[in-house]
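Q: I'll drop the sequence and a predicted model, then ask my questions.
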Amino acid sequence: MANFFNPPADKPRLSADRIDREYKRMRLKVFLGAFFGYAAYYLVRKNLSLAAPGMIEEGLLDKASVGIAGSAISIAYAFSKFIMGSISDRSDARKFLVVGLILSAVLMIATGLIPYGTASTGLNVAIIFTLMLVIGWLSGMGWPPCGRIMAHWFSQNERSFKISVWNTSHTIGSGSLGLLVTAGIALFAWAGIGQTWRAAFIFPSCVALLLAAFCWWALRDRPQACGLPPIDEYRHDYSAKKAAKGEEDKIPFKRLFVDYVFKNKILWLIALANAFVYLVRYGIGDWAPVYLQEMGIMDKSQSNLAFALHNYAGVPGTIICGWISTRFFKGRCAPANVIYMILVILGILLYWKAAAIAGRLAPLLGADADAVCRTIVYTALCGIGFCIYGPVALIGIQALNLVPKNAAGTAAGFVGLFGYLLGDAVLAKIVMGSVAEKASLGWSATFWMFIVASVLATAFCATTWKKEKLAASAADK
């Protein structure tokens with residue numbers, strides 16, 4: 001079975017007159033495969049959040065149980081993304097991504113088919129927790145092979161923009177999950193199927209399986225396996241960091257981690273930055289509906305719309321951030337990250353003080369204060385979403401740029417470990433939930449957490465500014 005995941009052997013080089021045409025065709029195919037493949041992973045990740053209201057209403061789960069299961073996914077994914085990253089560096093990216101997606105979809109469908117009982121809530125929690133833990137682990141098979149594909153098919157001086165475009169796939173996937181769940185529930189209701197909340201698990205997973213078939217057709221591991229030259233040779237871009245002589249194919253995990261990750265000081269800095277960026281990313285997004293409803297700023301439908309707009313605003317924001325990095329900073333990521341994180345701080349302040357600002361503006365505008373407050377919140381959340389996903393993408397790109405191509409998955413997994421374990425699971429979920437629950441602290445304390453995290457993320461990104469520039473200059477020589 002282990003041999004099944006081995007990278008395909010190099011094929012004989014195509015004739016010179018075919019290389020350019022074939023390269024362009026294959027680059028489009030693998031990009032689309034990676035884009036829709038990673039988006040599909042988000043169709044089989046947060047399904048429990050959308051199924052939870054129905055399950056709680058039927059007495060199958062309670063809110064605490066849903067929170068525990070959500071943490072299980074984040075914790076498992078954090079470790080998986082790191083470990084799977086090192087494995088993916090020695091595996092066929094095509095097989096790695098597709099197998100993980102199929103297994104995730106099948107398990108999510110199984111979650112929706114299990115006959116849960118109202119008299120055994122504890123058993124329900126145990127079953128769902130276990131399934132979410134496994135699905136969280138399998139989710140780690142999504143990003144690393146995509147990172148490997150991007151490193152092998154796109155050269156460094158174009159990678160910031162191309163990966164920024166690709167990185168919008170997870171935002172589109174998250175948004176599409178909500179639409180597919182709505183469609184699935186309507187389909188179940190039309191067919192007379194009871195417990196329509198099960199559609200949240202089943203319908204998006206079926207779509208993910210269809211996308212897995214598309215990915216199998218579209219993806220290829222690297223150019224050499226298609227009879228094409230390496231990307232740096234094809235584009236005459238030799239600025240990317242190269243492996244030591246004799247290590248162009250497989251590198252033992254110990255050497256991968258110690259030489260290219262553990263001893264890489266810049267990688268540690270961007271990993272810490274990633275943790276604080278993820279605190280803001282998931283702290284703002286995941287808690288927005290609860291905060292807005294609890295504070296009486298918006299009702300359920302309005303807060304759901306705010307959540308959707310926050311996520312979708314990340315699509316143009318990420319693309320523009322990558323363009324700025326490529327156009328003005330020659331592919332360096334630190335400058336764009338610093339600019340975007342400063343804007344995030346401004347957005348957080350606007351979000352936090354929306355009610356106070358509305359109270360001053362409403363009389364001047366002759367408008368209802370509540371309506372003005374909602375408008376300010378929509379604007380602030382869109383602004384934060386626009387800006388926060390750019391650094392999310394570029395920090396991942398920095399990780400790819402700082403190591404050889406055959407260590408890309410390990411570096412991406414290491415940085416992701418900090419983001420999902422420390423930033424998401426610990427800070428954004430466990431710590432934030434506890435802080436918001438305490439009467440003596442409340443939501444004001446969580447906003448201070450966002451501001452401090454944004455300042456620290458900006459500082460850590462700034463420390464890599466000069467180092468990244470020096471590394472790029474050394475690579476050009």
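A: Okay, I see it.

Q: CA atoms for contacts and neighbours, from now on please.
A: Will do.

Q: OK, contacts around Ala358?
A: 369-370, 372-373, 376 (C-alpha atoms under 8 Å, 6 or more residues apart in numbering).

Q: of those, closest to Leu103?
A: Closest to Leu103 out of the contacts of Ala358 is Ile376 (42.2 Å), distances taken as C-alpha to C-alpha.

Q: Quick one: mean pLDDT for the helix or strand that closest one falls within?
A: Using DSSP states H and E, Ile376 sits within helix 369-401. For helix 369-401, mean pLDDT is 88.

Q: if we can go back for a sec, which of the contacts of Ala358 sits closest to Gly419?
A: Ile376 (28.7 Å).

Q: contacting residues around the nearest residue to the closest one once chain neighbours are set aside?
A: Distances taken as C-alpha to C-alpha, 6 or more residues apart in numbering put Ala354 closest to Ile376, at 5.9 Å, once the chain neighbours are dropped. Ala354 makes contact with 373-374, 376-377 under the criterion C-alpha under 8 Å, 6+ apart.

Q: what's the answer for Ser174, then?
A: 39, 42-43, 46, 311 are the contacts of Ser174 under C-alpha under 8 Å, 6+ apart.

Q: Can you tell me which of the contacts of Ala354 has the most neighbours?
A: Val377 (26 neighbours; other C-alpha atoms under 10 Å).

Q: hang on, isn't it packed against Tyr351?
A: Yes. Val377 lies in contact with Tyr351 (C-alpha atoms under 8 Å); the separation is 5.5 Å.

Q: secondary structure element for Ile172?
A: helix 156-190.

Q: ok, and what's touching the helix or strand that comes right after that helix?
A: Downstream of helix 156-190, the first helix or strand assigned by DSSP H and E is helix 199-218. Outside helix 199-218, the residues within contact range by C-alpha under 8 Å, 6+ apart are 29-30, 32-34, 36-37, 40-41, 43-44, 47-48, 50-51, 94-95, 98, 101-102, 105-106, 108-113, 177, 180-182, 184-185, 188.

Q: Number of residues surrounding Pro230?
A: 17.

Q: just Arg21 next, same as before
A: 10.

Q: what pLDDT does it get?
A: At Arg21, pLDDT is 91.

Q: repeat for Val66
A: 68.

Q: Repeat that for Met298.
A: For Met298, the model assigns a pLDDT of 84.

Q: Cross-check the contact I'm expecting between it and Leu292.
A: Yes. Under the criterion of C-alpha under 8 Å, Met298 is in contact with Leu292, at a separation of 5.5 Å.

Q: If you count surrounding residues, which of these two has more?
A: Per other C-alpha under 10 Å, whichever of Met298 and Leu292 has more neighbours is Met298, with 22 against 19.

Q: who's in contact with that one?
A: By C-alpha under 8 Å, 6+ apart, the residues touching Met298 are 292, 374.

Q: Which secondary structure state does it sit in?
A: When classified by DSSP: H, G, I helix; E, B strand; the rest coil, Met298 comes out as coil.

Q: Likewise for Gly59?
A: What three-state DSSP gives for Gly59 is coil.

Q: just the helices in the stretch 351-477 of the chain please.
A: For the stretch 351-477 of the chain, helices defined by DSSP state H, counting those that start in this stretch occupy the ranges 354-365, 369-401, 408-417, 432-437, 442-476.

Q: can you redo those helices as CSV with distance to Gln156?
A: Output for the helices of the stretch 351-477 of the chain, formatted as CSV (distance: least, C-alpha to C-alpha, whole Å):
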stretch, distance to Gln156
helix 354-365, 41
helix 369-401, 7
helix 408-417, 12
helix 432-437, 37
helix 442-476, 10
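
Q: Out of the ones you listed, which is closest to Asp237?
A: helix 442-476 (9.1 Å).

Q: helix or strand for the closest residue to Arg332 other than its chain neighbours, which one?
A: Leaving aside its chain neighbours, Arg332 sits nearest to Ser325 (5.8 Å; criterion: C-alpha to C-alpha, 6+ apart). Under the criterion of DSSP H and E, Ser325 resides in helix 314-329.

Q: list the buried ones in that helix?
A: Within helix 314-329, the residues scored as buried using 16 or more other C-alpha atoms under 10 Å are 314-326.

Q: Would you mind getting the angle between it and helix 156-190?
A: When axes from the mean of the first three to the mean of the last three C-alpha atoms, to 10 degrees is applied, the directions of helix 314-329 and helix 156-190 differ by 180 degrees.

Q: Please check the contacts of helix 199-218 and keep the buried ones.
A: Buried among the contacts of helix 199-218 (16+ other C-alpha under 10 Å): 29-30, 32-34, 36-37, 40-41, 43-44, 47-48, 50-51, 94-95, 98, 101-102, 105-106, 108-109, 111-112, 177, 180-182, 184-185, 188.

Q: Spit out the contact partners of the residue positioned nearest the centre of the chain.
A: In the chain, the centroid-proximal residue (C-alpha atoms, centre = their mean) is His170; its distance is 5.6 Å. By C-alpha under 8 Å, 6+ apart, His170 lies in contact with 38-39, 41-42.

Q: Next step: these restricted to strands.
A: Among the contacts of His170, no member is found in strands (DSSP state E).

Q: Make TSV from the residues you listed and add distance to Gly136 and pLDDT to it.
A: Shown next, in TSV, are those (distance: C-alpha to C-alpha, whole Å; pLDDT from 0 to 100):
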residue	distance to Gly136	pLDDT
Tyr38	14	94
Ala39	15	94
Tyr41	10	95
Tyr42	11	91
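
Q: okay, those in TSV with distance to Ala362 next?
A: Formatted as TSV, the contacts of His170 follow (distance: C-alpha to C-alpha, whole Å):
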residue	distance to Ala362
Tyr38	43
Ala39	41
Tyr41	43
Tyr42	40
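
Q: Buried among those? Make that a PyMOL selection.
A: Restricted to buried positions by 16+ other C-alpha under 10 Å, the PyMOL selection for the contacts of His170 reads:
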select buried, resi 38+39+41+42
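
Q: among the contacts of His170, which two are most distant?
A: Tyr38 and Tyr42 (7.0 Å).

Q: Mutual contacts of these two, please.
A: Common neighbours of Tyr38 and Tyr42 are listed as 170, 173 (criterion: C-alpha under 8 Å, 6+ apart).

Q: gap between Leu219 and Trp153?
A: Relative to Trp153, Leu219 is positioned 11 Å away (C-alpha to C-alpha, to the nearest Å).

Q: Hmm, I typed the wrong one, I wanted Ile73.
A: Distance from Ile73 to Trp153, by C-alpha to C-alpha: 30 Å.

Q: Leu272 and Phe460 touch, don't they?
A: Yes. Between Leu272 and Phe460 there is a contact at 7.1 Å, judged by C-alpha under 8 Å.
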